[in-house]
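Peer 1: sequence unknown, structure follows:
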């Protein structure tokens, strides 16, 4: 049985290492994106359990919406992988990757603030302005 666990653990580590490679390696930006994704998901679930979700008709928890939330987060990771592939193809030193991560961090941050508001938690207005500024900068870059 010990041999089976070692084999499974080795396979899991291999998959994790390859996913890390596809995401462009672990750095501060990717770590922050994962933190924001987790906090957004947790605050969204908390809002749903409090009956204040804006995703469902009654404001309550829905396993379908929870699954869709996880699915959206997985697609975000796939898009970061795509950005890494483009960087490698065009030798752009991570420009596409950091743009994708920055975009998603700003969106997740705005969602966290929205969830905090739904939960009745006060939040700093300066933080909201910074997140809105990041979102606007990204929108301008996408247009130009």
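Peer 2: All right, it came through fine. These figures come from a predicted structure and were not determined experimentally.

Peer 1: okay, CA-based contacts and neighbour counts for the rest of this
Peer 2: OK.

Peer 1: just the helices in this structure please.
Peer 2: Here the chain has its helices, by DSSP state H, at 2-22, 28-49, 63-90, 95-118, 125-143.

Peer 1: if you compare these, which one is most tucked away?
Peer 2: helix 95-118 (a mean of 20; mean count of other CA atoms under 10 Å).

Peer 1: that older thread, quick one, which of the helices of the chain is nearest to residue 55?
Peer 2: helix 63-90 (7.2 Å; CA to CA).

Peer 1: skipping adjacent residues, who's closest to the residue minimising distance to the centre of the chain in space?
Peer 2: Nearest to the mean C-alpha position of the chain, counting by CA atoms, centre = their mean, stands residue 37 at 3.6 Å. Of all residues not flanking residue 37 in the chain, residue 108 sits nearest, at 6.2 Å (CA to CA, 6 or more residues apart in numbering).

Peer 1: against residue 51, how distant is that neighbour?
Peer 2: From residue 108 over to residue 51 the distance is 21 Å, taken as CA to CA, to the nearest Å.

Peer 1: now residue 130
Peer 2: For residue 130, the distance to residue 51 (CA to CA) stands at 29 Å.

Peer 1: that older thread, can you put the helices of the chain in a markdown table and add distance to residue 57 and mean pLDDT?
Peer 2: Shown next, in a markdown table, are those (distance: least, CA to CA, whole Å; pLDDT from 0 to 100):
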| stretch | distance to residue 57 | mean pLDDT |
| --- | --- | --- |
| helix 2-22 | 36 | 92 |
| helix 28-49 | 11 | 94 |
| helix 63-90 | 11 | 95 |
| helix 95-118 | 15 | 91 |
| helix 125-143 | 27 | 75 |
